[in-house]
Each structure stands twice: as C-alpha cells, then as structure tokens.
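Participant: Here is my input, please return the structure:
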Amino acid sequence: MDLKTKQGSYSKERFSTKWGLILSVLGIAVGTGNIWRFPRIAAQNGGETGAGAFLIAWVTFLFIWSIPLIIAEYGIGRNGRKGVIGSYIKMVGKNSAWMGSFIGFVATAIMFYYSVVAGWCAYYLIESLFSALPESLDHAEMVWAGFQSSTLPSIFHALMIFLGGLIILKGVKSIERINLILIPSLLLVLVISLIKALTLSGSGAGIAYLFTPDWSTLKQPGLWLEALTQNAWDTGAAWGLILTYGAYMRSRDDITISAFQTGIGNNLVSLMAAVIIFSTVFGTLGSSMTDGEILEVMRTSGPASTGLTFMWMPQLFNEMAGGRIFAILFFLGLTFAAFSSLISMIELATKVFVDMGVTRKKATIGVCVVGFLFGMPSAISVDVLANQDFVWGVGLMISGGFISFAVIRFGADKFRKTLVNTDESRVKLGYWWSLIIKYVIPVEVVTLLVWWIYLSASVYAPDTWYNPLSPFSVATVFLQWGVMMILFKVYNKKIADKTILN
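Facilitator: Predicted coordinates:
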C-alpha cells in the first residue's frame with residue numbers, strides 16, 4: 001500500500017457506533033482530571049466554611065464554556081476530517097495554521113506530564129497488589145515520598161508512553177475497543193468506592209464542606225480562573241482532543257446531544273470523585289483534627305496538592321473490610337482512566353503528523369519518543385510538574401479563544417445551521433450557542449486573564465509576578481506561551497503547506 005492510499009484509508013476511519021464515540025470521548029476527559037485534579041483544586045479554592053462557591057463557578061463554566069466549545073470542536077473535526085491543524089485550516093484558512101498548532105501543542109504539553117501522572121496510577125496499582133495498605137498519614141506520606149525520590153516515576157512514565165503508542169499504532173478501531181472496556185470498568189469501581197466512602201464515620205462533614213458555599217471566595221479572580229480551567233480539564237473542552245476524535249465521527253451522529261452527554265457525564269464523575277476524597281479525608285481525620293487542620297492537610301499533600309488522591313485513597317481502603325480488593329479495583333480504574341486520556345493525547349499529535357504525510361508508525365514512534373524526553377523533567381521533579389500543570393492548564397483558555405475565533409471567522413450562525421443542525425440531527429442547536437461563542441467566550445478569556453494579571457502584580461505576588469523562574473508567576477506563563485506562539489507563527493506557511501498538500 002503506498003503512502004497516498006494509506007492516508008486515504010485513515011481519512012475514512014470512523015467510530016462504528018454512537019456508544020463507541022461517546023465512550024471514547026469520555027475516555028478523553030474522564031481521567032485523572034476528574035479523580036486526581038478536581039478534588040485537589042476544589043480543596044485549594046475552598047473558603048473558611050466550604051468549597052460550594054467554587055462548585056457554582058465550575059458548573060457555570062460547564063454551560064458557558066465547555067459545552068459550547070465541545071460543540072464547536074465536534075463540528076470543526078467532522079467538517080475537516082483531519083487532525084487539529086488540518087481541520088483548523090479548512091475552517092479559517094492557512095494563514096491561521098499557527099493557531100491550530102498552538103491548540104494542538106497545549107494538549108501535547110499536557111501529555112508530557114500527564115503520562116507521568118498515569119505512571120503514578122500504575123505504580124499505586126502495583127503497590128496495592130503487593131504491599132500493605134498504609135495505616136496512617138505518616139505511612140502514606142512515606143510511601144509517596146519514597147516513590148517520588150526514586151527512579152520509578154521515570155520508569156512508569158516510559159511504560160505508559162510505550163503502551164499508549166501500541167494502541168495508537170492500530171488506529172481508531174483499537175481506541176474504540178479499549179475504551180468500551182476501560183470506561184465502564186472505571187465507573188463501576190468509582191460507584192463501589194463512593195458507597196464505601198460514605199459509610200465512614202465523619203464522612204458527612206467532608207460532604208458538608210464540599211457543598212457549602214463561602215460566598216466571599218467568589219470575589220477572587222483566581223477562583224474563577226481555576227474553575228474555568230478545571231472544567232476544561234474535566235470535559236476536554238478546548239484541548240483539540242474532541243476535535244481530533246470528531247474527525248472520526250459519523251455524519252449521522254448528533255453533535256448537540258453528544259456534547260451535552262460528554263460535558264454533563266464528565267462533571268458528574270468529577271463530583272463523585274470529590275465526594276469520595278472529601279469523605280475519606282474528613283472521615284479519617286475528623287476524630288483528631290479540626291476542619292481547618294484537615295483542610296490544611298489536604299492543601300499540602302505534595303506541591304499544589306498533587307499527592308492528595310495517592311495519599312488518601314489507600315487510607316480509605318485500609319479502613320474498610322476487604323480494603324485490599326477495593327484498593328486494587330480503584331487504582332486499576334484510575335490507571336484505566338489515565339491511560340484512556342493519554343491515548344487521546346498521543347493520537348492528537350500523531351494525527352497532525354499523519355496529515356503532513358508521515359506514516360502512522362513513524363508518527364507514533366516520533367511522538368512517543370519526544371513525549372518521553374519532554375516528560376522527564378516532570379517525572380524527576382513534582383515541582384516542575386506542578387508548574388507545567390499551571391501553565392498549560394491556563395493555556396486551555398487561549399485554546400478556547402482560538403476555537404471561538406475559528407467559528408466566528410467561519411460564521412457562527414452558518415456553522416450552527418450547516419455543520420451542527422444537519423438533516424439527521426434530532427436536537428437543533430439554538431441561537432443561544434452563537435451568542436456564547438461570539439461574545440461570552442471571548443469576554444471570558446480577556447476578562448479573566450486581565451483580572452488575574454492585575455491582581456498577581458498588585459496583590460498576590462507583587463515581588464515575583466515578573467520572574468519567569470517563579471513556578472506560578474505571570475511571567476512563566478507568558479514566556480512559555482510566547483516561545484511556542486512565535487515558533488508556530490514563524491513556521492506558519494511551512495506547517496500549512498505541509499498539511500494541505502497531504
């Protein structure tokens with residue numbers, strides 16, 4: 001089979017069923033973003049009396065950010081039938097190839113450290129199989145610290161990248177088949193874990209804290225910034241991942257229904273995970289600590305609370321009958337979730353190079369080798385990982401702005417009427433979507449960024465906001481974004497010509 005024939009065969013690949021599409025897209029987003037990231041972000045943004053205000057902001061962004069952008073990504077991907085850059089060029093024109101490149105790079109930059117977190121999940125699965133569950137916080141912290149100070153994070157990072165590459169080599173059918181197994185298995189394990197967590201004495205205090213609003217926290221721009229980026233993390237909105245899978249979407253699949261199923265289903269999983277974690281921590285420590293002390297523990301479980309799930313879930317299972325079995329099931333499910341999301345990230349980058357004429361085999365190997373090398377700093381240092389999570393998590397806002405720009409340039413109403421509301425659509429997308437895409441999303445991006453920059457410079461970090469070496473500064477974000485944008489802008493024509501010609 002020659003290269004042209006191969007490329008044609010990939011362009012004709014489709015998900016075979018509606019559920020294959022939905023479960024694969026849930027595989028993108030139902031992952032450590034829900035189970036590892038969401039509970040720690042909620043803990044960090046909770047106020048004196050609760051984290052409910054953060055949840056309100058988070059749910060708000062589901063409907064005025066994530067779902068509208070998911071609809072846009074499905075439409076762009078199905079229309080273009082290529083990867084992120086190819087479909088973006090078809091929508092906007094080749095002069096904007098650098099924007100599509102940036103969208104794709106944000107997800108790829110997240111992939112670099114996401115495979116490290118996926119490796120953590122696999123390590124804790126093995127730990128739950130062969131080691132005793134921690135009996136105390138000190139024991140849990142010792143396991144976590146011992147793991148992080150060893151070479152094991154790098155080894156497991158390499159393992160997850162390698163296994164993900166094997167799946168991608170087989171194409172979309174392999175992605176669909178593995179997600180039909182992974183995602184239902186994960187959901188079953190989470191339901192079992194939820195039931196067990198709720199039986200812990202004192203778990204009610206954790207749930208009460210999670211859902212009680214501290215209204216004063218809504219005045220903090222950082223909370224709104226975190227709520228938006230977390231919802232993007234939960235749902236996969238603006239990553240370009242859904243856009244990539246949209247290229248494999250059947251013409252008769254309903255974009256509007258699929259987008260709501262994806263967004264709402266994902267956020268329900270995040271809430272379930274948060275209830276499990278908060279119930280566990282409050283239920284385990286409630287008899288010996290005040291609520292304030294418990295929250296301090298949650299917020300300091302590793303840099304940016306990166307160790308929260310890994311320190312506390314084993315203790316939950318130690319408290320229950322048959323705990324080892326449930327620990328194995330939970331970390332098996334968490335590994336499945338991380339792996340399914342990692343697959344989509346590798347596929348995004350691979351498909352970009354396939355569109356440029358590279359064979360799938362060479363593209364996959366290249367992406368995995370680069371992913372391993374650029375992920376090593378995060379594997380070696382949790383502080384580097386926390387920085388990358390911050391920089392590219394906020395970068396999802398820029399990606400969302402670029403997707404919104406593409407729809408506006410094409411014509412929001414034209415997009416809605418011709419690409420979404422097809423003859424086969426059962427639910428017709430209303431004018432409300434056009435308003436959000438044209439006005440609300442651009443305003444969200446500009447307002448939150450300006451608000452965050454101003455307060456970082458004047459209130460939060462007046463002495464370090466301009467220091468690019470400070471891990472959570474404005475300068476480190478703009479420096480890393482700027483380098484990539486300049487590179488893509490310089491090579492815009494070359495990227496566009498290479499993508500269009502193949």
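Participant: Now do the SS call for residue 134.
Facilitator: coil (DSSP: H, G, I helix; E, B strand; the rest coil).
Participant: Enumerate every residue touching it.
Facilitator: By CB atoms under 8 Å, 6 or more residues apart in numbering, the residues touching residue 134 are 140, 142-143, 314-315, 318. Just so you know, the C-beta spots here come from the backbone N, C-alpha and C atoms, and that holds for glycine as well.
Participant: and with 7 Å instead?
Facilitator: With contacts defined as CB atoms under 7 Å, 6 or more residues apart in numbering, the neighbours of residue 134 are 140, 143, 314-315, 318.
Participant: before we move on, which element is residue 109 in?
Facilitator: Residue 109 belongs to helix 97-130 when assigned by DSSP states H and E.
Participant: any weak-confidence spans in the stretch 301-450 of the chain?
Facilitator: The model of the stretch 301-450 of the chain has pLDDT under 70 over residues 301-308, 316, 320.
Participant: now the helices for it?
Facilitator: 308-318, 323-355, 360-380, 382-410, 412-415, 431-435, 441-455 (DSSP state H, counting those that start in this stretch).
Participant: Compare those and report which one is nearest to residue 112.
Facilitator: The closest of the helices of the stretch 301-450 of the chain to residue 112 is helix 360-380. By CB to CB, the value is 4.2 Å.
Participant: Can you name every helix or strand that the closest one contacts?
Facilitator: helix 97-130, helix 152-169, helix 323-355, helix 382-410 (3 or more CB pairs under 7 Å, 6 or more residues apart in numbering; DSSP states H and E).
Participant: before we move on, back to that, what mean pLDDT does the helix holding residue 109 get?
Facilitator: Helix 97-130 shows a mean pLDDT of 94.
Participant: Only the buried residues of it, if you could.
Facilitator: By 16 or more other CB atoms under 10 Å, the buried positions in helix 97-130 come out as 97-125, 127-128.
Participant: Contacts only, for residue 104.
Facilitator: 84-85, 240, 348-349, 352.
Participant: Show me which of the residues you listed is closest to residue 309.
Facilitator: Set against residue 309, the nearest of these by CB to CB is residue 348 (25.0 Å).
Participant: Show me how far the helix holding residue 109 is from its chain's centre.
Facilitator: Relative to the chain's own centre, helix 97-130 is displaced by 9 Å; criterion: CA atoms, centre = their mean, to the nearest Å.
Participant: residues in contact with the helix or strand following it?
Facilitator: Remark: after helix 97-130, the chain's next helix or strand is helix 137-148, criterion DSSP H and E. Helix 137-148 has contacts (CB under 7 Å, 6+ apart) with 123, 127, 134, 153, 302, 307, 310-311, 314-315, 382.
Participant: Pull the most distant pair out of these.
Facilitator: Greatest spatial distance among these (CB to CB): 153 and 315, at 21.2 Å.
Participant: Identify whichever of the helices of the stretch 301-450 of the chain lies nearest to residue 180.
Facilitator: helix 323-355 (10.5 Å).
Participant: re the thing from before, so can I have JSON lines of the helices and strands packed on helix 360-380 showing distance to residue 490?
Facilitator: Listed next are the helices and strands packed on helix 360-380 as JSON lines, based on distance: least, CB to CB, whole Å:
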{"stretch": "helix 97-130", "distance to residue 490": "8"}
{"stretch": "helix 152-169", "distance to residue 490": "28"}
{"stretch": "helix 323-355", "distance to residue 490": "18"}
{"stretch": "helix 382-410", "distance to residue 490": "17"}
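Participant: got the contact list for the residue nearest to residue 441 when sequence neighbours are not counted?
Facilitator: Distances taken as CB to CB, 6 or more residues apart in numbering put residue 404 closest to residue 441, at 4.4 Å, once the chain neighbours are dropped. By CB under 7 Å, 6+ apart, the contact set of residue 404 is 437, 441-442.
Participant: Of the residues you listed, grab the buried ones for ChimeraX.
Facilitator: Buried subset of the contacts of residue 404, written as a ChimeraX selection, criterion 16+ other CB under 10 Å:
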select :437,441
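Participant: From the contacts of residue 404, pick the one nearest residue 298.
Facilitator: Distances from residue 298 to these, taken by CB to CB, are shortest for residue 441, at 31.9 Å.
Participant: how close does that closest one get to residue 147?
Facilitator: From residue 441 over to residue 147 the distance is 40 Å, taken as CB to CB, to the nearest Å.
Participant: can you tell me the helix or strand for residue 234?
Facilitator: With DSSP H and E as criterion, residue 234 is part of helix 221-235.
Participant: among the helices and strands packed on helix 360-380, which is nearest residue 269?
Facilitator: Nearest to residue 269, of the helices and strands packed on helix 360-380 and by CB to CB, is helix 323-355 at 8.8 Å.
Participant: sorry, back to before: mind giving me JSON lines with the contacts of residue 104 and columns for neighbour count?
Facilitator: JSON lines is the format used below for the contacts of residue 104 (neighbours: other CB atoms under 10 Å):
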{"residue": "84", "neighbour count": "35"}
{"residue": "85", "neighbour count": "31"}
{"residue": "240", "neighbour count": "34"}
{"residue": "348", "neighbour count": "27"}
{"residue": "349", "neighbour count": "26"}
{"residue": "352", "neighbour count": "26"}
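Participant: Dump these to CSV, plus distance to residue 181.
Facilitator: Shown next, in CSV, are these (distance: CB to CB, whole Å):
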residue, distance to residue 181
84, 27
85, 31
240, 25
348, 22
349, 24
352, 27
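Participant: from the residues you listed, which is closest to residue 466?
Facilitator: The closest of these to residue 466 turns out to be residue 240 (CB to CB; 30.4 Å).
Participant: which of the contacts of residue 134 has the most neighbours?
Facilitator: residue 314 (27 neighbours; other CB atoms under 10 Å).
Participant: The residue nearest to residue 67 when sequence neighbours are not counted and residue 63: what is the separation?
Facilitator: Spatial nearest neighbour of residue 67, chain neighbours left out: residue 263 (4.4 Å); criterion: CB to CB, 6+ apart. Remark: distance between residue 263 and residue 63 (CB to CB) = 8 Å.
Participant: Please name the residues that touch residue 35.
Facilitator: So residue 35 contacts 273, 309, 334, 337 (CB under 7 Å, 6+ apart).
Participant: now it: how far from residue 459?
Facilitator: Counting by CB to CB, the gap from residue 35 to residue 459 is 32 Å.
Participant: can you check residue 269 too?
Facilitator: For residue 269, the distance to residue 459 equals 34 Å [CB to CB].
Participant: between the two, which one's more packed in?
Facilitator: Set side by side, residue 269 and residue 459 show more neighbours around residue 269, with 24 against 11, by other CB under 10 Å.
Participant: Which pLDDT value goes with that one?
Facilitator: Residue 269 carries a pLDDT value of 86.
Participant: Can you say which helix or strand has it in it?
Facilitator: helix 255-285.
Participant: Could you list the low-confidence segments of the stretch 1-150 of the chain?
Facilitator: Low-confidence segments of the stretch 1-150 of the chain (pLDDT under 70): 1-32.
Participant: Save the contacts of residue 35 as JSON lines, and put in distance to residue 473 too.
Facilitator: JSON lines is the format used below for the contacts of residue 35 (distance: CB to CB, whole Å):
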{"residue": "273", "distance to residue 473": "29"}
{"residue": "309", "distance to residue 473": "27"}
{"residue": "334", "distance to residue 473": "31"}
{"residue": "337", "distance to residue 473": "31"}
